[in-house]
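Asker: Any chance you can model this:
(2 chains)
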Amino acid sequence: MSDVERLLQLGDDALIAAQRFAEWHASSPEMEEDVALANIALDQLGAARLLLSYAGESLGKDEDTLAYQRDDRDFRNCLLVELPNGDFAVTMAKLLFLSAYQLPLYTALAAGPDERLAAIAAKTRKESAYHLDHGSQWTIRLGDGTEESHRRMQDAVDQVWPYTHELTAGEVSRADWLAIVEPVLDEATLVRPADDGWAPTGGRSGVHTEHLSYLLAEMQVLHRAYPGAKW
Amino acid sequence: MVTPRQAAAAVVDPELRVLTIEELGILRDVRVDGERVTVTITPTYTGCPAMDVIRADVQAAVRAAGYRDVAVETVFAPAWTTDWISDSGRAKLAAAGIAPPHRAGPVRLSLTVRCPRCGSPDTEQLSRFGSTACKALWRCRACAEPFDHVKAL
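Answerer: Residues are numbered from 1 along each chain as shown, chains lettered A, B, ... in the order given. Prediction:
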């Protein structure tokens, strides 16, 4: 994997995750969660801006061009981040699984040979640790909660689980990722889904679900209608 | 005569307006090369939306002190930590009703946050996120006052 390809993967994960988390803004189940998910979206957006700006230097494009003028096939994010938010439990499952991937990845990159990427990763890993904590707490609260919250949290984990194989196909090993996720599922009294061979992939090579196209249509429409628009 | 360092250090943070950027610990360096002043800052959180305003405020403040050629650079390493908030900064936060962060010790402990209004340690977290990226929302069980707490990072 080339350096710029890696930056696009990291940056696109963060950008698309930011867009999805931000969809909860003003429609969360409680006000505190509204603030929480908006803040998490903001952290992801901050990371995306740094990573895509860096990637863009090799490509002769700025962060806005990369975010707003690429088509779906050019995006390198994992499928997990583009999946619809579903109910709150699905969003928390996605948050848990994503941050359990981003945290060890950023931690490794913070000690890597690319100084600029290491500086970004040293910053973002602190934020990922907080996201992981948040996703874990909700997974435990809902899983070990009422009968209904348990059922819905288990459904959410089952639904998102197949997409986590794509996360651990690269620099983060399945074992390292499970070492973070399994204790949370245990404490939440949730059952770890069986690995039945269904492991959709393709995001890293630009083959996405249809959900990404709809997300991009909304995210890019203003910039495409008014190129160079500024607040 | 105000030095470029003094001018930049006096800029207040737009979201924690009781603090200067120096007290917050995000002013990293002020360098003078001939006519050129280069101010280096670092963000608290990567997505902090106040950074553009801070850059503009630093530019304006150093220019107003008589230096025309001003550049503001952003660095990410070493990463900002709440330990860089100065003692005077912590006191000002508390006086403004914002509970300052704990200092990171050798062991990570869950310490209680004291109410900035009545000083009671009997407080609870309402929300792990608050009005800005750097804060969480807490409430005092003793005096019932809700308050912001700068999260230790």
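Asker: CA only for contacts and neighbour counts going forward, please
Answerer: Will do.
Asker: nearest residue to the residue of chain A found nearest chain B other than its sequence neighbours?
Answerer: Closest to chain B within chain A is residue A:46: 3.5 Å, counting by CA to the nearest CA. For residue A:46, ignoring the flanking residues on the chain, the nearest one in space by CA to CA, 6 or more residues apart in numbering or on different chains is residue B:47 at 3.5 Å.
Asker: try residue A:193
Answerer: Nearest residue to residue A:193 in three dimensions, chain neighbours excluded: residue A:158, at 5.9 Å (CA to CA, 6+ apart).
Asker: quick one: the one you found and residue A:196 touch, right?
Answerer: No. With contacts counted by CA atoms under 8 Å, residue A:158 stays clear of residue A:196, the gap being 11.5 Å.
Asker: between these two, which one's more packed in?
Answerer: residue A:158 (17 against 7; other CA atoms under 10 Å in any protein chain shown).
Asker: Please identify which helix or strand holds that one.
Answerer: Using DSSP states H and E, residue A:158 sits in helix A:147-160.
Asker: Dump that helix to CSV, restricted to CA.
Answerer: Output in CSV follows, covering the C-alpha atoms of helix A:147-160 (Å, rounded to 0.1, in the frame of the first residue of the first chain):
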residue,chain,number,x,y,z
GLU,A,147,-35.0,-7.0,27.8
GLU,A,148,-35.7,-4.7,24.9
SER,A,149,-32.4,-2.8,25.0
HIS,A,150,-30.6,-6.1,25.3
ARG,A,151,-32.4,-7.6,22.2
ARG,A,152,-31.8,-4.4,20.2
MET,A,153,-28.1,-4.2,21.1
GLN,A,154,-27.6,-7.8,20.2
ASP,A,155,-29.4,-7.3,16.9
ALA,A,156,-27.1,-4.3,16.2
VAL,A,157,-24.0,-6.2,17.0
ASP,A,158,-25.1,-9.1,14.7
GLN,A,159,-26.0,-6.7,11.9
VAL,A,160,-22.7,-4.8,11.9
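Asker: Report how many residues lie close to residue 12.
Answerer: No chain in the question, so chain A it is. 28.
Asker: To clarify, I was referring to chain B.
Answerer: Neighbours around residue B:12, by other CA under 10 Å: 19.
Asker: residues contacting it?
Answerer: B:18-21 (CA atoms under 8 Å, 6 or more residues apart in numbering or on different chains).
Asker: how near is it to residue A:28?
Answerer: In this view, residue B:12 and residue A:28 are 33 Å apart by CA to CA, to the nearest Å.
Asker: For chain B, which residues are neighbours of chain A?
Answerer: B:45-48, B:76-80, B:126-133, B:153 (CA under 8 Å from any CA of the partner chain).
Asker: cutoff 7 Å now
Answerer: Neighbours of chain A within chain B, by CA under 7 Å from any CA of the partner chain: B:46-47, B:76-77, B:79, B:127-130, B:133.
Asker: Show only the entries of those found in strands.
Answerer: residue B:127 (DSSP state E).
Asker: Not counting sequence-adjacent ones, nearest residue to residue B:146?
Answerer: Excluding its sequence neighbours, the residue lying closest to residue B:146 (CA to CA, 6+ apart) is residue B:139, at 4.0 Å.
Asker: Surely the one you found is within a helix?
Answerer: No. Using DSSP: H, G, I helix; E, B strand; the rest coil, the secondary structure at residue B:139 is strand, not a helix.
Asker: If it is in a bridge, with which residues?
Answerer: residue B:124, residue B:146 (DSSP bridges).
Asker: Next one, pLDDT for the spatially closest residue to residue B:84 that is not a sequence neighbour please.
Answerer: Distances taken as CA to CA, 6+ apart put residue B:25 closest to residue B:84, at 4.8 Å, once the chain neighbours are dropped. With respect to pLDDT, residue B:25 scores 95.
Asker: Tell me which residue of chain B lies closest to chain A.
Answerer: residue B:47 (3.5 Å).
Asker: can you give me the helices in chain B?
Answerer: B:4-9, B:21-24, B:51-64, B:87-95 (DSSP state H).
Asker: Please identify the deepest-packed of those.
Answerer: helix B:21-24 (a mean of 24; mean count of other CA atoms under 10 Å in any protein chain shown).
Asker: Please consider this matter closed, and thank you.
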